[in-house]
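1. no sequence on hand, only this structure:
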């Protein structure tokens, strides 16, 4: 089973940008639709974005639409999340996840998870 490792988190000022990466361990990466989720302290894990196996279709939460971009490079077994115009409310641990379903948006639909990377946005 593929393993996922996130990187790229950190501390950034409001209005700034970060790019998260999620490296997969196996060539089977391209057989999974992928997603990004986040969890802030004291809150439930929430959907951020999803991308189809081929990268041809994407889906975003309303809260990040127009600011975040999900993409993937199947040749490099890597998923990305470009985050622009960051806000303090974007502060959370960000997780990448894989699913055999099509553009799933709930955490229950994903069976493979990374360990998470912290993103902190200061005001």
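-> Sure, I can see it. Remember, it's a predicted structure, so these values are computed and weren't measured experimentally.
2. give me the neighbour count for the closest residue to residue 58 other than its chain neighbours.
-> Of all residues not flanking residue 58 in the chain, residue 51 sits nearest, at 5.0 Å (Cβ to Cβ, 6 or more residues apart in numbering). In short, each C-beta sits where N, CA and C put it, glycine included. A count of nearby residues for residue 51, using other Cβ atoms under 10 Å, gives 24.
3. do the same with residue 123
-> Residue 123: 9 neighbours (other Cβ under 10 Å).
4. and the pLDDT at it?
-> For residue 123, the model assigns a pLDDT of 94.
5. how about the contacts made by it?
-> 14, 88 (Cβ atoms under 8 Å, 6 or more residues apart in numbering).
6. ok, now with 10 Å
-> Residue 123 makes contacts with 13-15, 87-89, 91, as judged by Cβ atoms under 10 Å, 6 or more residues apart in numbering.
7. residue 30: which of those is nearest?
-> Nearest to residue 30 among the contacts of residue 123 is residue 91, at 31.6 Å by Cβ to Cβ.
8. ok so, going back, now, of the contacts of residue 123, which are buried?
-> Neighbour counting by 16 or more other Cβ atoms under 10 Å classes residue 91 among the contacts of residue 123 as buried.
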